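Asks: What would the 3D arrangement of this be:
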Amino acid sequence: NEAEKRDHRKLGKELNLFHIDEMVGLGLPLWHPKGAKIWRIIENFWYDTHEKAGYDLVRTPHIGNKTLWETSGHWGFYNDSMYPPIEVGQNLSESQNQEKVKESEIYLLKPMNCPFHVRIYKNDLHSYRELPLRWAECGTVYRFEKKGELSGLIRVRGFTQDDAHIICRADQVEKELEKVIDFILFIYLSFGFKIEDINVYLSVRDPKNNKYAGNDEGWNLTEKVLEKVAKAKKLTYQKEVGGAVFYGPKLDFKIKDALGREWQCSTLQFDFNLPERFDMNFTNAKGEKERPYMLHRALLGSFERFIGLLIEHYAGAFPVWLSPVQVKIISVTETHIPACQKLAAEFKESGIRVEIDDAHETVGNKIRKSIHEKVPYMIVIGDNEMNAPVLNVRDRGAQETREISRASFIEEIMEKVRNRS
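Replies: Residues are numbered from 1 along each chain as shown. A predicted model of the protein is given here:
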């Protein structure tokens, strides 16, 4: 069964990428060196592209005061996805001894990054000239999941969102939305997905219901602009009337993997709740206070789920730019190890990720291991290869080797990394 072969939980174990450890806690993945390397490659790419796209980076803590969550409303409307409070007014020893708390301070693990970003905004006064502000953070959040519903990297209790908030004026909403959609499509193409593999869902409010935050003017503008931009970008979208959460309309992007299964990734969500609750404002051109528009967006969704999707989509055979090990060098005997090390050093100098297999095993065994690890390139070094002017390279999936000069081989890999292939 193809789906079973691609299962990220199975491949995560076989390729030594991550595991879930009961002693650490269910729903909390531990990333092994190779898995953490893939994460880091994606994260570096994420930071690099965000800086280029005009985002500023912010950082926020993992826990926040109860007052923050009461003000944001999460204390009431999101409480079934949050963990019970932490008392930080006393230490563990005092709690174990059942001592009375002298000065109670109740904190909660964050299920979202948004209220923290709002408080950064509120720390200063803002003029219409400063907007838009685009603040991004890879922030780890914690959401309640029942034990029985946890699954690999897909349903977890702690995960890292590639979050950003765009705070802008009404006249900037459409342009910002267009930019974000272009950014999302660029990200998907970079990871090898095709535009036709993307389905978009537009969630708008139910006209018969009045449970919504904000006002008609805000909802009408954002619903209209979301649909207008989705059409202009020729996205395949479905409109879900009544599908919007109470605080704003949104676009959800779902990607189809190699087996045609849909995965929820990007979200573009307008928010009329937080700007009201925290009384966010800026001074407009007339010198009056005005409420900004706030757009939440995550491109990958969460790193955990996105890496789970990549593992299954590529069946563990990652493209060269994403592969934790790009080249495997295999020594025939012990005498060939120095030549392997010399070649590896040359590759590393060019930023190529390389691993040497110098185990006391047969060459056939080492080759089988390398194939099982799905490394893009394999080079065996024996007597003949030690002094040869060219390399004998075996490509992933090929039976035969090919000859190529060192310089050309290094350039080939660098080119693939540049083109993200």
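
Asks: what ranges do the helices span in the stretch 201-350 of the chain?
Replies: 216-232, 273-277, 303-313, 337-349 (DSSP state H, counting those that start in this stretch).

Asks: ranking the ones you listed by burial, who's on top?
Replies: For the helices of the stretch 201-350 of the chain, the largest average neighbour count (mean count of other Cβ atoms under 10 Å) is found in helix 303-313, namely a mean of 23. (C-beta placed from N, C-alpha, C; glycine too.)

Asks: how about stretch 7-25: buried residues?
Replies: 7, 8, 9, 11, 12, 15, 17, 18, 20 (16 or more other Cβ atoms under 10 Å).

Asks: what does stretch 358-366 give?
Replies: 358, 366.

Asks: center of this protein, which residue is that?
Replies: The chain has residue 303 as the residue nearest its centroid, 3.1 Å off, counting by Cα atoms, centre = their mean.

Asks: any idea how far residue 291 is from residue 248?
Replies: The gap separating residue 291 from residue 248 is 13 Å, by Cβ to Cβ, to the nearest Å.

Asks: Give me the more crowded residue out of those two.
Replies: Set side by side, residue 291 and residue 248 show more neighbours around residue 248, with 29 against 17, by other Cβ atoms under 10 Å.

Asks: That one: what's it in contact with?
Replies: Shown in contact with residue 248 (Cβ atoms under 8 Å, 6 or more residues apart in numbering): 213, 214, 219, 222, 269, 270, 271, 272, 273.

Asks: could these go into JSON lines alongside pLDDT and distance to residue 408?
Replies: Shown next, in JSON lines, are the contacts of residue 248 (pLDDT from 0 to 100; distance: Cβ to Cβ, whole Å):
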{"residue": "213", "pLDDT": "86", "distance to residue 408": "60"}
{"residue": "214", "pLDDT": "84", "distance to residue 408": "59"}
{"residue": "219", "pLDDT": "91", "distance to residue 408": "58"}
{"residue": "222", "pLDDT": "93", "distance to residue 408": "52"}
{"residue": "269", "pLDDT": "93", "distance to residue 408": "48"}
{"residue": "270", "pLDDT": "94", "distance to residue 408": "51"}
{"residue": "271", "pLDDT": "93", "distance to residue 408": "52"}
{"residue": "272", "pLDDT": "91", "distance to residue 408": "57"}
{"residue": "273", "pLDDT": "92", "distance to residue 408": "57"}
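
Asks: Switch those over to CSV; also include distance to residue 131.
Replies: Output for the contacts of residue 248, formatted as CSV (distance: Cβ to Cβ, whole Å):
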residue, distance to residue 131
213, 21
214, 18
219, 20
222, 16
269, 19
270, 15
271, 16
272, 17
273, 19
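
Asks: so, if you compare these, which one comes nearest to residue 333?
Replies: residue 269 (59.6 Å; Cβ to Cβ).

Asks: Next, the contact list for the closest one, please.
Replies: Applying Cβ under 8 Å, 6+ apart, the residues near residue 269 are 245, 248, 249, 250, 295, 296, 297.

Asks: Show the pLDDT at residue 212.
Replies: Predicted confidence (pLDDT) for residue 212: 86.

Asks: Over to residue 196?
Replies: pLDDT at residue 196 comes out at 89.

Asks: hmm, who's touching stretch 27-38?
Replies: Contacts of stretch 27-38 (Cβ under 8 Å, 6+ apart): 12, 15-21, 24, 39, 145, 150, 153, 155-158, 304, 307, 310, 318, 322, 324-325, 353.

Asks: how does the protein divide into domains?
Replies: As assigned by automatic domain parsing, the chain contains the domains 2-62+110-313, 320-418.

Asks: one step back: quick check: the residue nearest to the centre of the chain touching residue 163?
Replies: No - applying Cβ atoms under 8 Å as the test, residue 303 and residue 163 come out as separate, 11.0 Å apart.

Asks: Report the set of residues contacting both of these two.
Replies: With Cβ under 8 Å, 6+ apart as the test, residue 303 and residue 163 both reach residue 138.

Asks: Just the C-alphas of the helix ranked longest in the chain, formatted as CSV.
Replies: Longest helix in the chain by number of residues (criterion: DSSP state H): helix 33-52. Extracted as CSV, the C-alpha positions of helix 33-52 are listed here (Å, rounded to 0.1, in the frame of the first residue of the first chain):
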residue,chain,number,x,y,z
PRO,A,33,20.0,15.5,14.0
LYS,A,34,18.8,14.7,10.5
GLY,A,35,15.2,15.8,11.2
ALA,A,36,16.5,19.0,12.9
LYS,A,37,18.7,19.6,9.9
ILE,A,38,15.6,19.6,7.6
TRP,A,39,13.8,21.9,10.0
ARG,A,40,16.8,24.3,10.0
ILE,A,41,17.0,24.3,6.2
ILE,A,42,13.3,25.2,6.0
GLU,A,43,13.6,27.8,8.8
ASN,A,44,16.7,29.5,7.2
PHE,A,45,14.8,29.7,3.9
TRP,A,46,11.8,31.1,5.8
TYR,A,47,13.7,33.8,7.5
ASP,A,48,15.6,34.7,4.4
THR,A,49,12.5,35.1,2.2
HIS,A,50,10.6,37.0,5.0
GLU,A,51,13.4,39.5,5.3
LYS,A,52,13.4,40.0,1.5
